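>>> following is a predicted model, sequence given first.
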Amino acid sequence: MNAPRSPSLPLRGSPLVLACLLSGLLLPPPAPADAPARPASRHELFFAYNATSWAESQSGGEQVLEEEGYTLGLHLRSQWRAGREPDVRSEIRGFTGTLDYDGMTFGGAPLQTTTDYAGLGGSVDAGLPLRLGEQSDARLFCGLSTDGWVRSIDNTGRISGEGYNEWWFVLDAIAGVSLNLERPEGWSWFLEPGIAYPLYQRVAYDLKFPDGTDDISVEPGREPEFRVEAGVRSERWLLSLLYRARTFAESDHVRVGPFTVSQPESDLESLAFRFGIRF
Amino acid sequence: MKTDSLVAVALAAVALTLCGSTARGEGFEAGTLLWYADNGQNEALLWGPLLQFVPATNGLPFEACASLIHGKFNQGGDREDVREWLVMAGWVSPLGVLSAGWTYHGIKTDLQRGFVWSYPEEGTERNADLHGPYLAYELTWPPEGPVSATLSAGLMPHDFGDLDDLGYDASFYDLAGGLQWVATRVRAEAGYRYRAYRDLPDRVINETAYERSTQEGLYFSLLFRF
């Protein structure tokens, strides 16, 4: 059994949060006088079609399972701005979908089935607008983001009724920059690279062990998530592609009688096509 | 990530962009259709893009729509992947919308590892696509106003796909009813859809035969007005 881990505090040791505090973005300074004037609030309601893959690997690097498929997301993103001061952006989101599962049972036998996903999340960030040129501007931002989802493995319903659920929760510090290039036709290109660093992560398993234990949870190791969104938007609509890549490093190990429970290194990758309206 | 996933996303992007640029202005809607369908043994969420072009108030009395929904039924590890395409054009009248078009249902079944088909033809039957003409009638009442009730019926009278060659009849009909809410930039609808096929081969799992004759469940759509 591994030595007990010290409890995790959300703000401990996060380079992104420290960077935010040091740069003063969480306590925003006055914006430059020539920052572009924008409406007091803008909202974006959009769908996200996500081509997603999930893979788990053992310590030696051997891949033990892979999932692939599509999930559907619905997002509401809002941006508030008062005059020329730094702005605040928030997002609430939900997603669901089913992926093909190719892996193995706990006993090591090959298994093919499906995995159902459903989740909710939200984020809030503060941004500093900067004018780059006549038709281009940028927004430096950082903030917090959280997501929770259930991963239901082997949802075979009335045929076998077996399987179990994993309950995931992550709290991230996020930072990035949004670059915008205005077009005279009334729409603009945008590119938004960003990073999310996990402040807290936990996964709980709906597993019942012979001794009655049924509340096992572990903390996956922390690795940053990289993302980049690129697209076009007008006053009325939004089209974009978002790429995300994230690794959950191998978790701590929890022993339950003769069993050891841990989350192997898990890689999440997705490419999302997003479309929706602005108002 | 599968290459076909990336291609599918890219094609969807191009299609939506083209539709948005050619039909910009009045009447173009794009969104998502979801159907939580029960096939008699399992449920699956079928979802995908729904495009609709509705004429302006003073325009021609025609409308057009296209949809693609996909999902996976999991029969004890046998994955039945379903993709349904539908393209229709409709004539709009005070008595409802009468539409005609074409529908294609791609069905692909992967057996659980280590298992084999129960009889020689089963693999062909469980991977047979079906397609044919589709006729539909939809009534909305009241025709104007933010909230209305919708009733629709659809029929694919003949299957030109693989099952017809195998001696089955995959023709089917749909019945649906729901409530619709229309606002300036969005249109949402929720209801229940029932589908019955005339004669599909059963699913056979461990010597037990399961019917494939119906699919039914709640549906929901959310369309954005561009």
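Alright, I've got the coordinates.

>>> what helix or strand is the most centrally placed residue in chain B located in?
Chain B has residue B:84 as the residue nearest its centroid, 4.9 Å off, counting by Cα atoms, centre = their mean. In this assignment (DSSP states H and E), residue B:84 forms part of strand B:78-93.

>>> does any bit of that strand sit next to chain A?
Yes - judged by Cβ under 8 Å from any Cβ of the partner chain, strand B:78-93 comes into contact with chain A through residue B:79. Where C-beta positions appear, they are placed from N, C-alpha and C, glycine not excepted.

>>> what is the neighbour count of the closest residue to residue A:213 other than its chain neighbours?
Sequence neighbours aside, residue A:256 is the residue nearest to residue A:213 in space, at 5.0 Å (criterion: Cβ to Cβ, 6 or more residues apart in numbering or on different chains). By the measure other Cβ atoms under 10 Å in any protein chain shown, the count of residues near residue A:256 is 15.

>>> now residue B:120
7.

>>> hmm, what's the outermost residue in chain B?
Relative to the chain centroid, chain B (Cα atoms, centre = their mean) has residue B:114 farthest, 32.1 Å.

>>> which residues touch that residue?
Residues near residue B:114 by Cβ atoms under 8 Å, 6 or more residues apart in numbering or on different chains: residue A:110.

>>> could you do the one 4 residues further on as well?
By Cβ under 8 Å, 6+ apart, the residues touching residue B:118 are B:204, B:205, B:207.

>>> thinking again about what came up before, the residue nearest to residue A:213 and residue A:209 touch, don't they?
Yes - Residue A:256 lies in contact with residue A:209 (Cβ atoms under 8 Å); the separation is 4.9 Å.

>>> strands of chain A, residue ranges please.
Residue ranges of the strands in chain A, as given by DSSP state E, are A:41-57, A:63-80, A:87-104, A:110-131, A:136-153, A:164-182, A:187-205, A:216-218, A:225-234, A:237-248, A:254-256, A:259-261, A:265-278.

>>> where among these is average confidence lowest?
Mean pLDDT is lowest for strand A:259-261 among the strands of chain A, at a mean of 88.

>>> tell me what it is packed against?
In this structure, strand A:259-261 packs against strand A:254-256, with contacts taken as 3 or more Cβ pairs under 8 Å, 6 or more residues apart in numbering or on different chains; DSSP states H and E.

>>> now with 6 Å, please.
In this structure, strand A:259-261 makes packing contacts with no helix or strand, judged by 3 or more Cβ pairs under 6 Å, 6 or more residues apart in numbering or on different chains; DSSP states H and E.

>>> mind listing what's buried along it?
Buried residues in strand A:259-261, counted by 16 or more other Cβ atoms under 10 Å in any protein chain shown: residue A:261.

>>> contact partners of that strand?
Residues outside strand A:259-261 that contact it (Cβ atoms under 6 Å, 6 or more residues apart in numbering or on different chains): A:216, A:253, A:254.

>>> residues near the last one, how many?
So the one you mean is residue A:254. 17.

>>> check contacts around it.
Residue A:254 neighbours (Cβ under 6 Å, 6+ apart): A:216, A:218, A:261.

>>> 10 Å instead, please
Going by Cβ atoms under 10 Å, 6 or more residues apart in numbering or on different chains, residue A:254 touches A:1, A:2, A:205, A:213, A:216, A:217, A:218, A:219, A:260, A:261, A:262.

>>> starting at the chain centroid, how far to the strand holding residue B:84?
Distance of strand B:78-93 from the chain centroid (Cα atoms, centre = their mean, to the nearest Å) equals 3 Å.

>>> please apply the same query to stretch B:177-195.
15 Å.

>>> and the end-to-end length of that stretch?
12 Å (Cα to Cα, to the nearest Å).

>>> surely residue B:102 meets residue B:84?
No - using Cβ atoms under 10 Å as the test, residue B:102 is too far from residue B:84 to be in contact (11.6 Å).

>>> what touches both of those two?
Both residue B:102 and residue B:84 are contacted by residue B:131, under the criterion Cβ under 10 Å, 6+ apart.

>>> number of residues surrounding the residue lying closest to residue B:88 once chain neighbours are set aside?
Once flanking residues are discounted, residue B:88 sits nearest to residue B:101: 3.1 Å by Cβ to Cβ, 6+ apart. Counted with other Cβ under 10 Å, residues neighbouring residue B:101 total 18.

>>> quick one: pLDDT of residue B:101?
The model reports residue B:101 with a pLDDT of 98.

>>> am I right that it sits in a strand?
Yes - Residue B:101 sits within a strand when classified using DSSP: H, G, I helix; E, B strand; the rest coil.

>>> who's it bridged to?
As for beta bridges, residue B:101 partners with residue B:88, residue B:134 under DSSP bridges.

>>> quick check: the closest residue to residue B:191 other than its chain neighbours vs residue B:219, distance?
Distances taken as Cβ to Cβ, 6+ apart put residue B:178 closest to residue B:191, at 1.9 Å, once the chain neighbours are dropped. Between residue B:178 and residue B:219 the distance is 7 Å, computed by Cβ to Cβ, to the nearest Å.

>>> which residues do these two both contact?
By Cβ under 10 Å, 6+ apart, the residues touching both residue B:178 and residue B:219 are B:189, B:190, B:191, B:192, B:193.

>>> right, and the fourth one touches residue B:152 too?
No - if you go by Cβ under 10 Å, residue B:192 and residue B:152 don't touch, sitting 11.2 Å apart.

>>> next one, pLDDT for residue B:165 please.
So residue B:165 comes in at 85 (pLDDT).

>>> next: residue A:18.
For residue A:18, the predicted pLDDT is 53.

>>> report the contact partners of the nearest residue to residue A:266 once chain neighbours are set aside.
With sequence-adjacent residues excluded and distances taken as Cβ to Cβ, 6+ apart, residue A:266 is closest to residue A:248, at 4.3 Å. When contacts are counted by Cβ under 10 Å, 6+ apart, residue A:248 touches A:54, A:56, A:168, A:170, A:198, A:201, A:203, A:219-223, A:225, A:263-268.

>>> if we use 8 Å, what do you get?
Contact partners of residue A:248, counting by Cβ under 8 Å, 6+ apart, are A:201, A:220, A:221, A:223, A:263, A:265, A:266, A:267, A:268.

>>> which of those count as buried?
A:201, A:220, A:221, A:223, A:263, A:265, A:266, A:267.

>>> ok, the nearest residue to the second one once chain neighbours are set aside to residue A:169 distance?
What it means is residue A:220. Leaving out its chain neighbours, the residue that sits closest to residue A:220 by Cβ to Cβ, 6+ apart is residue A:248, at 3.7 Å. Separation of residue A:248 from residue A:169 (Cβ to Cβ) stands at 12 Å.
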